Every structure is written in C-alpha cells, then in structure tokens.
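K.L.:
Could you work out the structure for the sequence below:
(2 chains)
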Amino acid sequence: GAVVSQHPSWVICKSGTSVKIECRSLDFQATTMFWYRQFPKQSLMLMATSNEGSKATYEQGVEKDKFLINHASLTLSTLTVTSAHPEDSSFYICSAKGLNTGELFFGEGSRLTVL
Amino acid sequence: KQEVTQIPAALSVPEGENLVLNCSFTDSAIYNLQWFRQDPGKGLTSLLLIQSSQREQTSGRLNASLDKSSGRSTLYIAASQPGDSATYLCAVRPPGGGSQGNLIFGKGTKLSVKP
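P.N.:
Next up, the predicted model:
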C-alpha cells in the first residue's frame, strides 16, 4: 500500500519555541493532506485540510496563526506549531489522499511534548 | 452532528478466540466507513474500507460488516493472535462535499490477546 512518512516521530521542546512536523507521501502524489490531533484516550480530531498550492482549510476552533500549514509540493505538507505551550502537547498525525482514491493513508504520527 | 461510539472500550481475550468489535454511528448518511488499527504511539493502519453501498468487506482473518440503516458496523477477527493486540478505530466519512479527510473517529477499542 501507499506509504506516508512523518518526521520527526517525537520531539520535545521548550515552551515558546516553534516546531515543524513534516508529512511526506513516499510513493504517490497527494493533492490533499490532512492533519489530525489526538489527545490521550481521545478520538483523532481533524485540524486542517492541506491542499497543494493553496491555503489550508482549518476546522472550527483551530487557530490558523498557531498551526501553520504549508503544502508546497504534491508529496510534502508541513505543520508548524508556533510558540508552543504545554497544552499543545499531543500526538499529531497526517494523512494523504491519492489522486484517484477515496482511501486515506496515514503517517505514523509525531508526538510533541512541550515543557 | 455525527457521533461514533465504539464498545467495548477495552477487550481482553485468550489467543485463538474469535471476537467482534462494535461501532455505532448516529447519522446513517455516510460516504464510507473505515476500520483502522493503531499500535501504541504509532499512526493508523487502514484495515478495511466499506463503501456506503456495501455490506461487508473481508481481508484475511478480518471481516467488517456495515448496516447503514441501523448505524452499525462490526469488525470480526477470527482466530485471534497476540500480534492482533492494538487499538482498533472505526471512522465514518460524511457524504458529499467538504473535506474528504473529515473522518469522524470513535475512541477505539483496545484489544489485548493473551498468549
């Protein structure tokens, strides 16, 4: 099946710093990628939809200026958590949709811990 | 508002046993339903995707059924193995437009298969 890679898989940072997470589709082109957040023992929640070459679409309640999303190519989307705070600590997962499939392929997730 | 519920939240079975995981959703208008597996601290692996017009899908020891009218899906695992231990997530995709990544996830069932 299609492979989606996330990097880094885990990161620890100090409060107030910014952290960038990458999501790559390794063997297919993805015009659309999605970013989710998962708190412990909670459901995955969609944060935003990332479209190649255009601005991301954010879900209600997700701050655009805090979670910067860039989708500069058909194989790469990045999520930058700006001025991170401890409450931003979570598991961030991306998924990618191929050009002609209704199925999503998920990355392995990135665990962010903000001290 | 669509809500997805998975029961039980946790399940422990001896190796070799057949088991059923349940998923229910409040709005029968769905585009498709997908079952995922999530290992601790990892991303999601898609197991089975059932389109709204289908009633079941099979892959190896896994069989997923969909009864859209009653808002239910089951994931049947035959001859369970310790390697099946993971959290199983059910997700529905709303019909029509909007973000295709807007999957509504349940909180999952944590399965433990004892040797």
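K.L.:
can you pull out the strands in the chain?
P.N.:
All of this is about chain A. Counting by DSSP state E, one finds strands in chain A at the ranges A:4-7, A:10-13, A:19-25, A:30-38, A:44-51, A:57-58, A:67-73, A:76-81, A:90-98, A:104-106, A:110-114.
K.L.:
Chain B, not that one
P.N.:
If DSSP E is used as the criterion, the strands of chain B fall at B:4-7, B:10-14, B:19-25, B:32-38, B:44-51, B:56-59, B:62-67, B:72-77, B:86-93, B:104-105, B:109-114.
K.L.:
got the angle between the fifth one and strand B:32-38?
P.N.:
Using axes from the mean of the first three to the mean of the last three C-alpha atoms, to 10 degrees, the inter-axis angle of strand B:44-51 relative to strand B:32-38 is 160 degrees.
K.L.:
Residues of chain B that sit close to chain A?
P.N.:
B:4, B:31-32, B:34, B:36, B:41-46, B:49, B:51, B:89, B:91, B:93, B:99-103, B:105-108 (C-beta under 8 Å from any C-beta of the partner chain). Bear in mind the C-beta positions are built from the backbone N, C-alpha and C, glycine included.
K.L.:
and the residue nearest to residue A:14 when sequence neighbours are not counted, what is it in contact with?
P.N.:
Leaving aside its sequence neighbours, residue A:14 sits nearest to residue A:115 (C-beta to C-beta, 6 or more residues apart in numbering or on different chains; 5.6 Å). Neighbour list for residue A:115: A:12, A:13, A:14, A:15, A:86 [criterion: C-beta atoms under 8 Å, 6 or more residues apart in numbering or on different chains].
K.L.:
go with 7 Å
P.N.:
Going by C-beta atoms under 7 Å, 6 or more residues apart in numbering or on different chains, residue A:115 touches A:12, A:14, A:15.
K.L.:
Also residue B:22?
P.N.:
B:6, B:7, B:74.
K.L.:
for those, which one is nearest chain A?
P.N.:
For those, the closest approach to chain A (C-beta to the nearest C-beta) belongs to residue B:6, at 9.3 Å.
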